[in-house]
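Colleague: output the structure for:
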Amino acid sequence: MKTHTLTRSFGLALLAIACAMAQGQAWADTVRMKDLGKLQGWRENALVGTGIVTGLAGTGDSSTSRAARQALSNTISQFNLTVPPEQIQSRNVAMVTITAALPPFAREGDTIDITVSSAGDARSLVGGTLLLAPMKAANGKVYALAQGSLSVGGYRYDANGNVVQKNHPTTASIPNGATVEVGLNARMQTEDHKVVFVLNEQDYTTANRVADAINRQLGTGLARATDASGIEIAVPAESRDRLVAFVARLESVTVEPDRRAKVVVNERTGTVVSGGDVRIDKVAISHGDIKLSITNQTTASQPIGLIGQNLPGVRTALVTNTRIDVEEQNGPGYLAGSNTVADLVRSLSMMKTNTRDIISILRAVKAAGALHAELIVQ
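Modeller: Okay, here's the model as predicted:
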C-alpha cells in the first residue's frame, strides 16, 4: 500500500515583525530633514558600455558568436595588427556589457564600481580581465573608462557531461573599475535663488510640517510646500555665496513626519512586517485546516477456474483502487477588538498558526474592512 498525504499546513515559519514594539515603547518624535528626502537635482546618472573580456579558460563565447570575434578584431586593429574575424577561433574571449551609476557630484579622476555581464554564450567569466572600454550616458557622451580584473561570486566547471555551477558566473563586478573622465556639477540653486527639497514619500501633511519647521528654525517666510513631495525654499541673500553651509543647516532641521499605516507581507519568505500601532477594529476570526489523504491500494485479480487450462490471453491482472479522504478540522478562533496588528500576530503565533496562514488572515481582515492600514503584498 502506498500513501500520499498532502496537508495545507506549511509548518511553523520564522515570523519577522520589524516594527512590533514592546508595551510602552514609542516612536521617535522627530527626524532630520536629510533622512526624509533630498534636494532636487541630486540624482545618479546611468552609464552603459560594451567591451570584451579576455583571459578566460575556454569558457568564453563560441565561434558562432560573430560579435565577440568582430570586437576582438577591432581591438587588435588598433595596434597595427590585422586579423579577420573569420580567423579568430578562441574561446578565451567574451563579449560583455558594462553598467555603472555616476554619482551627482562625481569629479574627474574619481573611481566608481561597475558591473560586467556576458552578452554572448560564454559559460563563465571567472579569471577574466576587462579591456579598456568607454562608458556613455543617455546623451551619447563618454563620462568614464572601464578596465580591470573581474570579481566573480560563482563558478562553473564541466567535463564529460558533468557540470558543477555556483551562483551566476556570467555576471561579475569590478570595484573601482571605472575612472571618471568628465565630472558633474549638480545644480541645486535655481536662477531666482531657490532650492527645492523633495520628500522620499509623498505626503501633504509631512510636506506642510517640513515647511513650517524650516520657517520656525531658519527664518520666517523661507519655505512653502508646493505639493505633496516638494518644498520650495528661498536662499537668504547672505547665504547665496555660502550655499553648502546653508544646505548643511537645512539638513539639520528636525521634523515630526506623519506616518501612513502599512502592513507588508511577503508570501515567498513568509515574512510579516507591520508598525506596532496599526489598529484593527473589532473582528471575529476563525481559521480551519484541511487534511487531504490519497491512498492507493493494489490487488491481484486471479482468473479462478481458468488456471491450468492453457488458454491464450488468460493471466493475472493487477488492479489499483484509489481512495481520497478529506478531513477538515476546526482551527483557532480569535476575537479582536481595538487591538493592533502586532497583538493579532502575537496571539496567532501563540496558537501555532504558521506564517502563511497569518498572511491569509490579514488579507481577510483587510477585505472585511477591519484593518486600517495599507496592505502591501510582495
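Colleague: with adjacent residues omitted, what lies nearest to Leu243?
Modeller: Nearest residue to Leu243, sequence neighbours excluded (CB to CB, 6 or more residues apart in numbering): Gln189, at 6.0 Å. C-beta coordinates here come from the backbone N, C-alpha and C atoms, glycine included.
Colleague: now stretch 248-264: average pLDDT?
Modeller: In this model, stretch 248-264 has an average pLDDT of 87.
Colleague: tell me the gap between that stretch and the middle of its chain.
Modeller: From the chain centre to the centre of stretch 248-264 is a distance of 24 Å (CA atoms, centre = their mean, to the nearest Å).
Colleague: same question for stretch 347-357.
Modeller: With CA atoms, centre = their mean, you get 27 Å for stretch 347-357.
Colleague: what's the helix or strand for the residue nearest to Leu243?
Modeller: If you go by DSSP states H and E, Gln189 is not part of any helix or strand.
Colleague: what sits against it?
Modeller: 195, 235, 240, 243 (CB atoms under 8 Å, 6 or more residues apart in numbering).
Colleague: was I right to think Ala225 contacts Ala207?
Modeller: Yes. With contact defined as CB atoms under 8 Å, Ala225 reaches Ala207; the gap is 4.1 Å.
Colleague: narrow the contacts of Gln189 to those that are buried.
Modeller: 195, 235 (16 or more other CB atoms under 10 Å).
Colleague: all helices for the protein, in order.
Modeller: According to DSSP state H, the chain carries its helices in the segments 66-77, 204-217, 243-251, 341-350, 355-367.
Colleague: if we can go back for a sec, joint contacts of Ala225 and Ala207?
Modeller: Ile231.
Colleague: hang on, the earlier thing: could you dump the helices of the chain to TSV with distance to Val182?
Modeller: Converted to TSV, the helices of the chain look like this (distance: least, CB to CB, whole Å):
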stretch	distance to Val182
helix 66-77	23
helix 204-217	34
helix 243-251	22
helix 341-350	50
helix 355-367	49
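Colleague: least reliable of these going by mean pLDDT?
Modeller: helix 341-350 (a mean of 74).
Colleague: now do the buried residues in that one.
Modeller: Under 16+ other CB under 10 Å, the buried positions of helix 341-350 are 341-345, 347-349.
Colleague: for stretch 120-139, same thing?
Modeller: 120, 122-128, 130-131, 133-135, 137.
Colleague: distance across that stretch, terminal residue to terminal residue?
Modeller: 26 Å (CA to CA, to the nearest Å).
Colleague: tell me the gap between it and the middle of its chain.
Modeller: Distance, centroid of stretch 120-139 to centroid of chain: 24 Å (CA atoms, centre = their mean).
Colleague: same deal with stretch 42-49?
Modeller: The answer for stretch 42-49 is 19 Å, by CA atoms, centre = their mean.
Colleague: pull the residues that contact it.
Modeller: Contacts of stretch 42-49 (CB under 8 Å, 6+ apart): 97-104, 133-138, 143-144, 146, 178, 184, 186, 188.
Colleague: quick one on the thing from earlier: who's more crowded, Ala225 and Ala207?
Modeller: For the pair Ala225 and Ala207, the greater number of neighbours falls to Ala207 (27 against 21), based on other CB atoms under 10 Å.
Colleague: assess the claim that the more buried one and Glu232 are in contact.
Modeller: No. Counting by CB under 8 Å, Ala207 stays clear of Glu232, with 10.4 Å between them.
Colleague: shared neighbours, those two?
Modeller: With CB under 8 Å, 6+ apart as the test, Ala207 and Glu232 both reach Ala225.
Colleague: burial of Thr298, as a residue count?
Modeller: Using other CB under 10 Å: Thr298 sits among 10 other residues.
Colleague: and the pLDDT for Ser63?
Modeller: 82.
Colleague: actually, Met95.
Modeller: Reading off the model, Met95 has pLDDT 93.
Colleague: repeat for Ser293
Modeller: pLDDT, read off for Ser293, is 53.
Colleague: for Ala122, same thing?
Modeller: 89.
Colleague: isn't it up against Leu56?
Modeller: Yes. Using CB under 8 Å, Ala122 is in contact with Leu56, at 7.0 Å.
Colleague: hey, what's in contact with both of these two?
Modeller: In contact with both Ala122 and Leu56: Ala94, using CB under 8 Å, 6+ apart.
Colleague: how close does Ile361 sit to Thr355?
Modeller: 10 Å (CB to CB, to the nearest Å).
Colleague: the more surrounded of those two?
Modeller: Set Ile361 next to Thr355 and count neighbours by other CB under 10 Å: Thr355 wins out with 24 against 21.
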